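> coordinates only, sequence not included:
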């Protein structure tokens, strides 16, 4: 391979890597193993506001969308250097030299103190001031709010010792600091109130939703209970009707059996007797006539029929009645 290579290109996804170590890490994460030396340098686009480095146009677009920073410096040619394909040799001297080359960035000490007084750690305050351009307390707090989920937010930032430190901005007066702090507190209070109001609205919506669900569940339960009671009553009525019909049939059968034993014609249940008109009773002022022989015969037969339902035949009834007359 040529010794003038500036990067390693992954043949599987096309990404450019600065060193063998990055290629090894990329291979472990993606299982890609097809790498080749490339003369194209890895992009180094640095945000002029917060100094965040980006290695692709996609990263710059995401950074701009998140922070609003749209001005980037192309330092690709300055940081590009020939890549070494030899395995790295780690020694104590090299580590010490590397540590000596990296230093904590210089930021405004007054702003550091103000951030610490608000409860932020020194590392977080230093990182916020450094990446927000070391311009103001408000910019540092905004940066912290945007990057509060970063895994390294509480790690002290390190920059190369050769990097030029930007001179700190002129410090604010005590009155300006007091006003700025009051504005920040007021803004934080309003934001907290808005968040509490939003949560209260969400809780109210949830309470209404749960209440509606409970009412609907109660209505369904009452409806099911009403249907169950109606079905139970209908079943009871049907059972009572069947019992009455069974008793009626039994009475009809007993009646038919008695008529059969007496030698009488069976009654057709389909033929209904004509209704006898009700004749108003007329009072008779005539003297009571003594009962005739036929009337005594009829009374005797009715009495015999009542006293001898199952054992007396028509003929025997006739004989008994003749003897009694």
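Yep, it's here. For clarity, every value in this text was computed on a predicted model and none was experimentally measured.

> next up, phi/psi of the spatially most central residue of the chain, please.
Centroid-nearest residue in the chain, with C-alpha atoms, centre = their mean: residue 206, separated by 11.2 Å. Main-chain torsions, residue 206, degrees, to the nearest 10: phi -70, psi -40.

> same check, this time on residue 13
Reported as degrees, to the nearest 10, the phi and psi values for residue 13 are phi -120, psi -10.

> what residues are up against it?
Residue 13 makes contacts with 30, 32, as judged by C-beta atoms under 8 Å, 6 or more residues apart in numbering. For every residue, glycine as well, the C-beta is placed using N, CA and C.

> now do the residue nearest to the centre of the chain against residue 76, distance only.
Distance, residue 206 to residue 76, by C-beta to C-beta, to the nearest Å: 53 Å.

> residue 156 belongs to a strand?
No. Counting by DSSP: H, G, I helix; E, B strand; the rest coil, residue 156 is not found in a strand; it is coil.

> give me the mean pLDDT for stretch 53-70.
Mean per-residue pLDDT for stretch 53-70: 81.

> in it, which residues are buried?
Neighbour counts over stretch 53-70 (16 or more other C-beta atoms under 10 Å) mark 54-55, 60, 63, 67, 69 as buried.

> got it, and stretch 131-138?
Quick answer for stretch 131-138 (16+ other C-beta under 10 Å): 131-137.

> so which of the residues you listed is the closest to residue 5?
Closest approach between the buried residues of stretch 131-138 and residue 5, by C-beta to C-beta: residue 131, at 31.7 Å.

> residues in contact with the closest one?
By C-beta under 8 Å, 6+ apart, the contact list for residue 131 reads 50-52, 143, 147, 157.

> how about it, nearest residue that isn't a chain neighbour?
residue 50 (4.2 Å; C-beta to C-beta, 6 or more residues apart in numbering).

> mind listing what residue 30 touches?
By C-beta under 8 Å, 6+ apart, the contact list for residue 30 reads 10, 12-13.

> how's the chain carved up into domains?
Under the assignment automatic domain parsing, the domains of the chain span 1-88, 99-171.

> ranking those domains by burial, who's on top?
The highest average neighbour count among these, using mean count of other C-beta atoms under 10 Å, belongs to domain 99-171 at a mean of 16.

> looking at that one now, give me its mean pLDDT.
Per-residue scores along domain 99-171 average to 77.

> same deal with stretch 304-311?
Mean pLDDT, stretch 304-311: 61.

> can you check stretch 174-181 too?
Mean pLDDT, stretch 174-181: 76.

> could you do stretch 254-262 as well?
Per-residue scores along stretch 254-262 average to 88.

> same for the host helix or strand of residue 296, what does it pack against?
Assignment of secondary structure by DSSP states H and E places residue 296 within helix 293-307. Applying 3 or more C-beta pairs under 8 Å, 6 or more residues apart in numbering; DSSP states H and E, one finds that helix 293-307 contacts helix 314-324.

> quick one, strands of the stretch 101-250 of the chain?
Counting by DSSP state E, counting those that start in this stretch, the stretch 101-250 of the chain has strands at residues 102-103, 159-160.
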